[in-house]
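Engineer: 3D, please:
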Amino acid sequence: MNCALVTGASRGLGRAIAVQLAKDHGLHILVNYASNQAAAEETLAEIQGNGGSGELLHFNVQNRAEVDEALNGWREKNEDKFIGVLVNNAGITRDGLFMWMPEKDWDDVLNISVKGLYNVTQNAIQQMLRKRSGRIINVASVSGMKGVAGQTNYSAAKGAIIAATKSLAQEVAKRKITVNAVAPGFITSDMTKDLNEDELKQMIPMNRFGKADEVAHLVSFLASDKAAYITGEVININGGIYS
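Structural biologist: Numbering: from 1, shown residues only. Predicted coordinates for the structure are as follows:
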């Protein structure tokens, strides 16, 4: 059975992506979460409510030992299943001006986004390489494309994800594994709930924030057979914010 692993799938974009992948492709969804089990169970309930299947998988993406223990243990119990789609979505923001930024805020943001991508992808890609099949979709951000004041750590993390996407895509293309990134702009979610939407939407040509399911549809397309010749790309989904 083909499965999709979505990191940070308990809320927001991760939840929308997990639900959409189950709906569109009939994939068995591995709902990864770090701490909020109740929210992860809501994601799973939504998947199952739409007739899909899935299960929870708890680990902190930034901890290599936890990632390997969880994924290797899951694989041993599920020899008939294959993680053919990986969505590296886990990420946090710790905004603040660089000159006053605590070292922990820098490290936590980089470790969850960038070290997390390394840990989870390096584990999952081994089976993809053997099977000569796979879709890896990394969730970047407009912050990683243009930089955002007050988000030097987050912009650095997302910029690293973009560069890693382009490099890894070249390494694994011959094995029929595609590696792409999506770069959302302002999307209505837990991560943006404290922002002044009325003020910020004036800088967006479409004059609104995006919706999580709009990003999820894009990820779902990149996970499909229709996207087989697209790799190493970063697709912006931001309402024309710097077009």
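
Engineer: Which strands or helices does the helix or strand containing Ile161 pack on?
Structural biologist: Using DSSP states H and E, Ile161 maps to helix 152-172. Counting contacts by 3 or more Cβ pairs under 8 Å, 6 or more residues apart in numbering; DSSP states H and E, helix 152-172 is packed against helix 103-110, helix 116-131, strand 134-139, helix 142-146, strand 177-184, strand 234-237. Heads up, the C-betas are built off the backbone N, CA and C, glycines and all.

Engineer: try it again with 6 Å
Structural biologist: If you count contacts as 3 or more Cβ pairs under 6 Å, 6 or more residues apart in numbering; DSSP states H and E, helix 152-172 packs onto helix 103-110, helix 142-146, strand 177-184.

Engineer: Lowest average confidence across helices and strands of the protein, where is it?
Structural biologist: Ranked by mean pLDDT, DSSP states H and E, the weakest helix or strand in the chain is helix 197-200, scoring a mean of 76.

Engineer: Please give the number of neighbouring residues around Ala181.
Structural biologist: Neighbourhood size, Ala181 [other Cβ atoms under 10 Å]: 27.

Engineer: ditto for Ile230
Structural biologist: 14.

Engineer: Need the phi and psi values for it.
Structural biologist: phi -110, psi 120 (degrees, to the nearest 10).

Engineer: residues contacting the residue nearest to the spatial centre of the chain?
Structural biologist: Residue closest to the average C-alpha location in the chain (Cα atoms, centre = their mean): Asn89, at 1.9 Å. Counting by Cβ atoms under 6 Å, 6 or more residues apart in numbering, Asn89 makes contact with 6-8, 14, 139.

Engineer: how close does it sit to Ala124?
Structural biologist: Distance from Asn89 to Ala124, counting by Cβ to Cβ, to the nearest Å: 13 Å.

Engineer: Kindly report the same for Val87.
Structural biologist: 10 Å.

Engineer: So the two - more neighbours on which side?
Structural biologist: For Val87 versus Ala124, neighbours defined as other Cβ under 10 Å are more numerous around Val87 (30 against 22).
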